[in-house]
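J.: only geometry, no sequence info:
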């Protein structure tokens with residue numbers, strides 16, 4: 001896996017296990033958080049940054065589907081991007097056993113979401129998201145971006161971290177924009193200053209509760225802007241994978257929205 005130099009944001013050294021799944025390679029058994037920086041070409045930066053938080057059900061970090069390719073597209077557009085490799089739940093060291101057990105794990109996850117209305121949060125991943133926001137703001141000058149122009153883009157479990165973050169963030173942890181891709185629409189009461197919100201979701205996502213749109217009401221009550229893209233098809237975890245569906249174009253919609261924030 002072609003990874004940029006990892007920056008440790010915890011006292012422990014970076015460490016993870018690389019596993020190849022059907023469509024991608026992922027990082028799992030992550031014991032310490034790190035950031036993977038992807039910077040724009042010299043002289044092409046726009047002074048803004050985005051923390052990209054991939055998904056993986058807190059079992060792995062989907063850096064090849066929802067991490068580095070997304071960060072590279074942001075960097076090409078002038079944004080300094082950072083992919084967060086957050087701590088995951090421990091899983092078996094054996095790659096074959098892990099992959100064979102994934103279908104059952106996803107089914108269990110879908111059943112829990114349908115029963116509880118939301119994805120159960122993994123506390124260490126949220127802690128790492130908060131640490132990453134603080135660390136990036138403290139080191140913004142080193143990367144040439146304005147600490148007040150730091151957004152967050154989260155996918156699935158990463159979006160769950162983003163929702164939990166804005167419900168309890170300090171001023172230095174709060175992103176100036178928040179984008180959630182197939183991250184659920186459960187009630188999320190944000191703290192001030194409330195960031196503008198971008199949502200992208202496929203209606204045929206097996207982890208999506210079509211009757212749950214509470215987060216939009218929460219943002220309206222907070223007096224902040226929200227933009228929703230609900231695509232007919234795309235399933236869960238589409239990332240930047242092309243499927244011949246309108247959800248293939250979510251990044252263009254996000255980029256157009258982000259440029260105007």
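T.: All right, it came through fine. In this text, all values refer to a predicted model and were calculated from it rather than measured experimentally.

J.: Would you enumerate the residues in contact with the nearest residue to residue 222 once chain neighbours are set aside?
T.: The spatially closest residue to residue 222, leaving aside those adjacent along the chain, is residue 194, at 4.5 Å (CB to CB, 6 or more residues apart in numbering). C-beta coordinates here come from the backbone N, C-alpha and C atoms, glycine included. Taking CB atoms under 8 Å, 6 or more residues apart in numbering, we find residue 194 in contact with 166, 219, 222-224.

J.: hang on, residue 194 is in a strand, isn't it?
T.: No. Counting by DSSP: H, G, I helix; E, B strand; the rest coil, residue 194 is not part of a strand but coil.

J.: and the gap between it and residue 250?
T.: Per CB to CB, to the nearest Å, residue 194 is found 23 Å from residue 250.

J.: How about residue 160?
T.: Here the criterion is CB to CB. By it, residue 160 lies 18 Å from residue 250.

J.: what does residue 204 give?
T.: Per CB to CB, residue 204 is found 14 Å from residue 250.

J.: contacting residues around the closest residue in space to residue 28 that isn't next to it in sequence?
T.: Once flanking residues are discounted, residue 28 sits nearest to residue 60: 3.9 Å by CB to CB, 6+ apart. Neighbouring residues of residue 60 by CB under 8 Å, 6+ apart: 19, 26-28, 88, 91.

J.: which one of those sits closest to residue 241?
T.: Within the contacts of residue 60, the smallest distance to residue 241 is 13.9 Å, found for residue 26 (CB to CB).

J.: Name whatever forms a beta bridge with the closest one.
T.: residue 19 (DSSP bridges).

J.: Contacts only, for it.
T.: 18-19, 56, 60-64.

J.: Then residue 231?
T.: 200-203, 245-247, 250.

J.: Please indicate which of these are buried?
T.: Neighbour-count burial (16 or more other CB atoms under 10 Å) applied to the contacts of residue 231 gives 200-202, 245, 247, 250.

J.: Could you point out which of the residues you listed is nearest to residue 3?
T.: Among those, and counting by CB to CB, the member closest to residue 3 is residue 250, at 24.3 Å.

J.: a helix runs through the closest one, doesn't it?
T.: Yes. Assignment of residue 250 by three-state DSSP places it within a helix.

J.: who does the closest residue to it other than its chain neighbours bridge with?
T.: The spatially closest residue to residue 250, leaving aside those adjacent along the chain, is residue 200, at 4.3 Å (CB to CB, 6+ apart). Per DSSP bridges, the residues bridged to residue 200 are residue 181, residue 229.

J.: May I ask which helix or strand encompasses the residue in the chain sticking out farthest from the centre?
T.: For the chain, the residue at maximal distance from the C-alpha centroid (CA atoms, centre = their mean) is residue 43, at 27.0 Å. If you go by DSSP states H and E, residue 43 is not part of any helix or strand.

J.: next one: phi and psi at it?
T.: phi 80, psi 0 (degrees, to the nearest 10).

J.: For it, give its distance to residue 79.
T.: Residue 43 is 14 Å from residue 79, by CB to CB.

J.: cool, and residue 99?
T.: 34 Å.

J.: do the same with residue 227
T.: From residue 227 to residue 79 the distance is 18 Å (CB to CB).

J.: Equivalent analysis for residue 217, please.
T.: Distance, residue 217 to residue 79, using CB to CB: 30 Å.

J.: Check residue 47 too.
T.: Residue 47 is 9 Å from residue 79, by CB to CB.

J.: next one: residue 186
T.: In terms of CB to CB, residue 186 sits 28 Å off from residue 79.

J.: Give me the more crowded residue out of those two.
T.: The neighbour count for residue 186 versus residue 79, taken as other CB atoms under 10 Å, is higher for residue 79 (28 against 18).

J.: Can you give me every residue that contacts the more buried one?
T.: Contact analysis of residue 79 by CB under 8 Å, 6+ apart lists 40, 45-46, 48-50, 258.
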